[in-house]
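Engineer: got a sequence here, can you model it:
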Amino acid sequence: METKAIKIAPAKQKKQLVVSQQGKVYITATFNNTLVTITNDKGEIVAWSSAGARGFKGTRKSTPYAASLAVESAAKKAVERGMKSVEVFVKGPGSGRDSALRAIKSAGLSISMIADITPMPHNGPRAKKKRRV
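Structural biologist: Reported below is the predicted structural model:
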């Protein structure tokens, strides 16, 4: 029986990301989850988090509390890397929109601008039929 030697490639070095004091926060608040992505001024991702990544499952993922914890964890990572001021872009109809903004403020980032970028159709394709509960 032959044994073959397996060569293991050395682990790749993560490239050091240049983090300026200005950044952008993208919050996507859906009915089921809240996603947060923090980028530097060039658009490269500095930190991200979501309610699901913070350990919430099922209906608790869509709560404002879960959204605030997700935003807080991503914002703390960004502050550790030297970010101070952010522009916030909020997208979606979820319940975590307002609590996410409060969490950014409490994490130590100053908000210079808030924009709502929720996509609105200009009467595009035919809508889904109404949901009956």
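
Engineer: low pLDDT regions in this protein?
Structural biologist: Under the criterion pLDDT under 70, the flagged ranges of the chain are 1-2, 14.

Engineer: helices of that one, start to end?
Structural biologist: Remark: helices assigned in the chain by DSSP state H are 64-80, 97-106.

Engineer: just the residues contacting the longest one, thanks.
Structural biologist: With Cβ atoms under 8 Å, 6 or more residues apart in numbering as the contact definition, helix 64-80 has outside contacts at 19, 23, 25, 27, 29, 34-38, 46-51, 53-54, 56, 60, 86, 94-100, 102-104, 106-109. Glycine gets a C-beta too; all of them are placed from N, C-alpha and C.

Engineer: again, only this time at 7 Å
Structural biologist: 23, 27, 29, 34, 36, 38, 46-51, 53-54, 56, 60, 95-96, 99-100, 102-104, 106-109 (Cβ atoms under 7 Å, 6 or more residues apart in numbering).

Engineer: just the CA trace of that helix, in CSV.
Structural biologist: In CSV, the C-alpha atoms belonging to helix 64-80 read as follows (Å, rounded to 0.1, in the frame of the first residue of the first chain):
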residue,chain,number,x,y,z
PRO,A,64,-35.7,45.7,15.6
TYR,A,65,-33.6,44.4,18.4
ALA,A,66,-31.9,41.8,16.1
ALA,A,67,-31.3,44.6,13.5
SER,A,68,-29.7,46.9,16.2
LEU,A,69,-27.3,44.1,17.3
ALA,A,70,-26.3,43.3,13.7
VAL,A,71,-25.6,47.0,13.0
GLU,A,72,-23.7,47.5,16.3
SER,A,73,-21.4,44.5,15.7
ALA,A,74,-20.5,45.7,12.1
ALA,A,75,-20.1,49.3,13.3
LYS,A,76,-17.7,48.3,16.1
LYS,A,77,-15.5,46.5,13.6
ALA,A,78,-15.4,49.6,11.4
VAL,A,79,-14.6,51.9,14.4
GLU,A,80,-11.8,49.6,15.4
